[in-house]
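S.K.: predicted coordinates and the sequence they were generated for:
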Amino acid sequence: MIDLNSGSITSEKGTFTLTAKEYALLEKLFDNKEKIVTGDSLCLAAWGDPLYGYENTLMVHIRRLREKIEPQPSDPEFLITVRGLGYKLVGVTSS
């Protein structure tokens, strides 16, 4: 469950507050849920710049989001990597 009004995520692991960058990334993904969002689009949403120079930073933030929403972050079922294209958020709800 994603609550964009309070900037929090509730999963079977508990309730977590999002950082500003996590919030920006998750908001972009949620606005486009079930669709592929490119790395450039995510970087523009979070840092105001395209992907160049932010590849590793983006991967770290995606990993942190997965740690908050996925039962098994190493085998994601909600925040999916689409090789060569970007990321896709599936099967989540908001309050």
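M.R.: In hand now; what should we look at? Numbers count the residues shown, from 1 in each chain.
S.K.: tell me where this protein has helices.
M.R.: In the chain, the helices defined using DSSP state H lie at 20-31, 39-47, 55-69.
S.K.: can you pull the contacts of residue 71?
M.R.: Contact analysis of residue 71 by Cβ atoms under 8 Å, 6 or more residues apart in numbering lists 11, 12, 13, 77. Any C-beta I mention is one placed from the backbone N, CA and C, and that applies to glycine too.
S.K.: which of the residues you listed sits closest to residue 87?
M.R.: residue 77 (13.1 Å; Cβ to Cβ).
S.K.: can you add mean pLDDT and give the helices of the chain back as TSV?
M.R.: Converted to TSV, those look like this (pLDDT from 0 to 100):
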stretch	mean pLDDT
helix 20-31	93
helix 39-47	91
helix 55-69	92
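S.K.: minimum distance to residue 93: which of these has it?
M.R.: helix 20-31 (9.9 Å).
S.K.: could I get the helices of the chain as TSV with mean neighbour count and distance to residue 93?
M.R.: Below are the helices of the chain laid out as TSV (neighbours: other Cβ atoms under 10 Å; distance: least, Cβ to Cβ, whole Å):
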stretch	mean neighbour count	distance to residue 93
helix 20-31	18	10
helix 39-47	19	21
helix 55-69	17	12
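S.K.: dump these into CSV; add distance to residue 92 as well.
M.R.: Converted to CSV, the helices of the chain look like this (distance: least, Cβ to Cβ, whole Å):
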stretch, distance to residue 92
helix 20-31, 7
helix 39-47, 16
helix 55-69, 7
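S.K.: closest to residue 6 out of the ones you listed?
M.R.: Minimum separation from residue 6 across those (Cβ to Cβ) falls at helix 20-31, 10.2 Å.
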